[in-house]
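Chemist: Structure, please.
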Amino acid sequence: MAKHQDFRAVLKTLFHSEDESHNPSSNDSFEQVVARARLGRRGFLKGSSSLAAATMLGTGLAFGVNAAKQSGQTAAAATNLRLSFRPVAKSIADTLTVPEGYTARVLLATGDPIKANVSPYKNDGTDHDFDGRAGDHHDAMHYFGLNRAGNGWDPNGSDRALLCINHEVCEDLGFVHPNGPTNYGADSTAARPAIEIDKEVAAHGVTVVEVVKQGGTYQVNRDSRFNHRVTAATRCQISGPARRSPLLATAFSPSGEQTRGTLNNCANGYTPWGTYLTCEENWAGYFNRREADSARTAKEVSSFKRYGIGNTTSGRYNWSRAEAARNPDLYQRWDASKTASRANQDYRNVANTFGWVVEIDPFNPNAMPQKRTAIGRFAHEGCWPAAAVAGQPLVFYSGDDARNEYTYKFVSAAKWDPRDANRGMAAGNKYLDAGTLYAAKFNDDGTGEWLPLTLANPAIANYADYNFADEADVLINARIAADAAGATKMDRPEWGGVNPVNGDVYLTLTNNVSSSSGRGVKTPLNAANPRYYAEAKGETINRGNVNGHVIRWREAGGNHAATSFTWDVYLFGAQADAAPDVNLSGLSHENDFSSPDGLWFSEAVPGLLWLQTDDGYYTDVTNCMMLAALPGAVGDGGTKMVSNKAVPINSDGDQQVKTYVGQVASPTVLSRFLVGPRDCEITGITESPDGTVIFVNIQHPGENSESATDPAQFTSHWPDGGNARPRSATVVITRNDGGKIAV
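Modeler: Numbers count the residues shown, from 1 in each chain. Here you go, the predicted model:
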């Protein structure tokens with residue numbers, strides 16, 4: 001009999017690699033940077049120290065009652081915006097709640113057909129043709145308007161559009177299989193049915209589907225010639241500086257020019273020439289590798305360890321072992337072990353072909369996706385553009401979604417020419433294949449600098465822990481290059497965006513929950529993470545920033561290609577009833593949240609920011625949510641002293657730290673707009689060009705279910721209700737009076 005794993009145990013041990021730290025460098029964490037501003041225990045601000053408290057770590061970005069005037073008016077004032085909806089209450093119901101006066105409709109759920117000749121999804125695990133169906137775990141997405149002729153991109157096209165939707169994973173519990181998955185997970189060495197593997201591979205990637213506006217909302221056009229899937233089996237071109245690197249050579253592409261598939265597609269980006277950027281996040285857990293480290297070179301082992309690829313794993317889904325496979329190579333490609341005498345005869349380098357930003361032309365289903373290596377390889381949580389300015393380089397920001405990882409930006413070598421706006425992939429070749437990748441260093445004086453990741457940087461060229469062979473090696477091992485450069489470790493960098501009102505850049509830091517065995521572990525306080533948390537569970541102490549926060553920075557001179565910036569903290573997540581030194585942003589019951597993840601600025605309503613959560617620490621009170629915000633500007637808040645009393649776990653005694661918080665987030669500038677069904681994550685948002693329709697993704701409802709087949713053990717039945725298996729889905733939200741959303 002085939003063995004079916006205990007899915008809950010699998011989830012706990014395999015599927016949260018972003019919570020693990022694989023950064024052994026001695027680089028400062030963001031916590032340590034601002035901790036240097038800490039006063040002594042029981043210390044008080046006196047004399048000249050009071051002046052220091054009125055500035056942001058001595059940068060001259062003054063905080064206090066006049067700060068907004070000194071650093072720029074708030075977005076609300078600058079655009080005359082106000083939030084016009086009544087805040088949605090927190091909820092743990094298995095439903096999707098939107099404000100009074102709004103309607104949410106399911107547009108496309110996991111398994112729904114995207115082609116007219118594909119049958120309706122039965123949602124019982126018996127459908128296998130996911131090449132013609134929406135994938136699973138809907139994540140980031142983007143709206144590309146169609147022109148009147150219906151054959152190309154029009155940024156203002158509201159009647160018809162192509163929607164590009166990421167699909168991060170195939171449901172971990174196995175809802176897509178009749179009886180759950182067989183021989184599943186990293187510990188299994190048994191064969192798996194090829195039919196199951198094929199379905200899971202196809203459920204990853206991206207869906208491109210045409211939507212048509214009807215009656216103020218949108219419907220899927222299943223007859224559209226544009227509708228297609230990009231999956232974890234799709235042939236992809238490798239472009240940019242790492243193309244043809246020996247580190248990318250495989251049996252499939254001995255020259256290192258191609259690979260197959262894109263996977264763990266989480267956040268995204270888009271280009272000013274109308275193409276989609278999908279980003280490969282937690283790809284490192286997909287590969288089989290069972291070999292002694294001594295079988296590989298020291299550099300190979302260093303790279304594996306830095307990216308979290310162990311040597312006793314069969315991979316997240318055990319995809320390398322398919323029984324009765326007609327084409328064994330399709331499955332062997334998930335084995336990163338050294339099995340032949342040369343790299344071009346096996347897949348020892350296959351992991352190096354993942355972790356990239358992948359460009360897709362939604363208007364040309366026949367165009368091969370391009371993995372743009374100039375933007376670096378890591379757990380890419382997105383690739384968010386700054387506004388394109390004629391005659392200036394293009395700039396894209398990225399986060400690396402794991403504990404203690406870095407923030408990056410890419411600056412193109414070519415300067416933007418608006419005549420390239422309709423050149424598709426040819427423009428991508430021009431702007432995305434050459435440029436400079438940087439990692440951020442946050443200084444303790446409130447300034448920051450962008451560190452170039454290139455061999456021209458002596459810190460990288462002379463790095464003692466890893467001898468980079470060439471520039472391709474630097475990009476393939478961008479994490480190690482950022483270690484060498486001295487970038488600042490961050491609390492799980494996730495989604496980012498650029499405020500179109502003032503150019504400030506925002507980035508969510510979802511949380512930084514770590515664990516250490518044994519008791520008595522010290523958890524020092526610091527300005528970036530000043531809220532004490534320690535929970536003893538057996539011999540483990542969980543510690544860290546469990547509610548997350550949002551940082552922001554302003555590039556020098558307002559130039560996004562600049563190599564220096566100033567920074568502060570925009571928001572701290574917390575429960576409304578938490579102590580003031582925890583609820584640092586003054587959140588109320590109308591807007592308290594935990595673990596910010598998705599972040600997105602509206603283009604139709606400049607100054608309107610959306611925040612989405614992926615929370616594991618406030619779920620006894622509310623399901624995950626989405627909030628609308630009218631943010632201000634870097635430096636618009638104040639300095640706070642935060643005190644924590646000694647507790648047994650913290651032998652340092654009472655501590656006081658100085659921290660820097662944006663303006664108090666009253667419900668007039670931050671308000672809860674949506675609460676999702678049980679166990680879901682709210683992730684992904686886009687809009688119609690006129691701002692009257694938004695699209696939002698509801699990911700993995702019911703992920704804490706105890707069974708993949710027994711409805712009585714499902715924690716959610718959304719969106720179909722009854723005894724149905726839960727499904728991820730894209731929903732369309734409209735305002736009943738036809739007005740713009742949220743304002």
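
Chemist: Can you pull out the low-pLDDT segments for the chain?
Modeler: Applying pLDDT under 70 to the chain flags the ranges 1-19, 30-79, 514-544, 640-661.

Chemist: Just give me the residue closest to the centre of it.
Modeler: The residue lying closest to the centre of the chain (Cα atoms, centre = their mean) is Glu381, at 3.4 Å.

Chemist: just checking, it touches Asp401?
Modeler: Yes: taking Cβ atoms under 8 Å as the definition, Glu381 is a contact partner of Asp401 at 4.0 Å. C-betas here are computed from N, CA, C, even on glycine.

Chemist: Show me the common contact partners of those two, please.
Modeler: 266, 281, 493-494 (Cβ atoms under 8 Å, 6 or more residues apart in numbering).

Chemist: show me where the stretch 501-650 of the chain has strands.
Modeler: Assignment of strands within the stretch 501-650 of the chain using DSSP state E, counting those that start in this stretch yields the ranges 505-509, 512-517, 534-537, 540-545, 549-555, 564-572, 596-601, 609-613, 625-629, 638-644.

Chemist: I'd assumed Ser688 was in contact with Ser602.
Modeler: No: the criterion here is Cβ under 8 Å, and Ser602 misses it with Ser688 at 10.7 Å.

Chemist: Comparing those two, which residue is more hemmed in?
Modeler: Between Ser602 and Ser688, Ser688 has the larger neighbour count (other Cβ atoms under 10 Å), namely 26 against 23.

Chemist: tally of neighbours for the closest residue to the more buried one other than its chain neighbours?
Modeler: Nearest residue to Ser688 in three dimensions, chain neighbours excluded: Ser158, at 5.3 Å (Cβ to Cβ, 6 or more residues apart in numbering). Number of residues near Ser158 (other Cβ under 10 Å) recorded here: 17.

Chemist: Same question for Leu670.
Modeler: Neighbours of Leu670 using other Cβ under 10 Å come to 27.

Chemist: where does it fall, phi/psi-wise?
Modeler: Backbone geometry at Leu670, expressed as degrees, to the nearest 10, gives phi -150, psi 120.

Chemist: Could I get the contacting residues of Asn318?
Modeler: Residues near Asn318 by Cβ under 8 Å, 6+ apart: 183-186, 188, 190, 192, 288.

Chemist: Repeat that for Lys305.
Modeler: Here Lys305 is in contact with 22, 24 (Cβ under 8 Å, 6+ apart).

Chemist: isn't there a strand covering it?
Modeler: No: secondary structure of Lys305, determined by DSSP: H, G, I helix; E, B strand; the rest coil: helix, with no strand assignment.

Chemist: Please report how far it lies from Asn23.
Modeler: Computed as Cβ to Cβ, to the nearest Å, the Lys305 to Asn23 distance reads 10 Å.

Chemist: got the residue ranges for the strands in the stretch 251-400 of the chain?
Modeler: Ranges of strands in the stretch 251-400 of the chain, per DSSP E, counting those that start in this stretch, are 258-260, 265-270, 276-280, 289-290, 312-313, 322-323, 357-360, 370-372, 384-385, 393-399.

Chemist: Dump these to TSV, plus distance to Arg244 and mean neighbour count.
Modeler: Conversion of the strands of the stretch 251-400 of the chain to TSV gives the following (distance: least, Cβ to Cβ, whole Å; neighbours: other Cβ atoms under 10 Å):
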stretch	distance to Arg244	mean neighbour count
strand 258-260	11	20
strand 265-270	25	27
strand 276-280	20	28
strand 289-290	24	18
strand 312-313	29	16
strand 322-323	30	19
strand 357-360	18	28
strand 370-372	13	26
strand 384-385	27	22
strand 393-399	23	26
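
Chemist: coming back round to it: so the residue nearest to Ser688: helix, strand or coil?
Modeler: Judged by three-state DSSP, the three-state class of Ser158 is coil.

Chemist: gap between it and Phe673?
Modeler: 22 Å.

Chemist: ok, now which ones touch Leu453?
Modeler: Neighbour list for Leu453: 376, 436-439, 460, 474-475, 478, 481-482, 485 [criterion: Cβ under 8 Å, 6+ apart].

Chemist: mind redoing it with 7 Å?
Modeler: Neighbour list for Leu453: 376, 437-439, 460, 474, 478, 481-482, 485 [criterion: Cβ atoms under 7 Å, 6 or more residues apart in numbering].

Chemist: Next: Arg222.
Modeler: 113-116.

Chemist: And for His142?
Modeler: 164, 268, 270, 276, 686.

Chemist: do that again at 8 Å, thanks
Modeler: 163-164, 268, 270, 276, 686.

Chemist: My reading is that Gly125 is in a helix; is that accurate?
Modeler: No: secondary structure assignment places Gly125 outside any helix; it is coil (three-state DSSP).

Chemist: can you give me the helices for this protein?
Modeler: 7-14, 30-35, 48-53, 67-71, 75-79, 194-203, 298-307, 329-332, 425-432, 458-461, 471-476, 478-485 (DSSP state H).
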